[in-house]
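A.B. asks: Pasting a predicted model and its sequence here:
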Amino acid sequence: MDRAQEYAAIIRRVIEHYAQFKPAYGEIEIETVLDDVTGHYELMYVGWNRKERVHGAIIHVDLRGDKVWIQHDGTEGGIAEDLMQAGIPPEQIVLAFHSPEVRRHTGFAVA
């Protein structure tokens, strides 16, 4: 298994773990988008909380080459920590939700 396949498997496991937890509010469905062909992985919430529509990504991670790009992280503890604990080194993780100027100071990959 090459590095990209290994990282894809880790990302899938982490997102599938988060997908087990249903929100405590509203009538919310959890959807996972796990596309190994394009390297696009998301956990979405879709539904209603009373009269308010809920639709959006909780987690959005892209695999670009051998780098893991965290596009959005709506988790409490931070998905980067979960990915590192599962075996992806911080120098392979890009916190894409930060500007490149800020990324230089995070201890993670810049790009």
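C.D. replies: Done, it's in. Numbers count the residues shown, from 1 in each chain.
A.B. asks: What about Trp48, how many residues nearby?
C.D. replies: 13 (other CB atoms under 10 Å). The way it works is simple: take the backbone N, C-alpha and C, and place the C-beta from them, glycine included.
A.B. asks: average pLDDT across stretch 50-67?
C.D. replies: For stretch 50-67, mean pLDDT rounds to 96.
A.B. asks: list the buried ones in it?
C.D. replies: Buried residues in stretch 50-67, counted by 16 or more other CB atoms under 10 Å: Val54, Ala57, Ile58, Ile59, His60, Val61, Asp62, Leu63, Lys67.
A.B. asks: And for the closest residue to the fourth one other than its chain neighbours, the neighbour number?
C.D. replies: Leaving out its chain neighbours, the residue that sits closest to Ile59 by CB to CB, 6 or more residues apart in numbering is Leu43, at 4.2 Å. When neighbours are defined as other CB under 10 Å, Leu43 has 25 of them.
A.B. asks: got the buried residues for the helix or strand Leu43 falls within?
C.D. replies: Secondary-structure element containing Leu43, defined by DSSP states H and E: strand 40-49. Counting neighbours by 16+ other CB under 10 Å, one finds that the buried residues in strand 40-49 are Tyr41, Glu42, Leu43, Met44, Tyr45, Gly47.
A.B. asks: Which of these sits closest to Arg103?
C.D. replies: Tyr41 (20.0 Å; CB to CB).
A.B. asks: need the contact list for the closest one.
C.D. replies: Contact analysis of Tyr41 by CB atoms under 8 Å, 6 or more residues apart in numbering lists 8, 11-12, 15, 32-35, 59-63.
A.B. asks: Distance to Ile88 and pLDDT for the buried residues of strand 40-49 - can I get that in a markdown table?
C.D. replies: As requested, these are exported to a markdown table (distance: CB to CB, whole Å; pLDDT from 0 to 100):
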| residue | distance to Ile88 | pLDDT |
| --- | --- | --- |
| Tyr41 | 13 | 98 |
| Glu42 | 18 | 98 |
| Leu43 | 17 | 98 |
| Met44 | 22 | 98 |
| Tyr45 | 25 | 97 |
| Gly47 | 31 | 97 |
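A.B. asks: Alright, that wraps it up for me.
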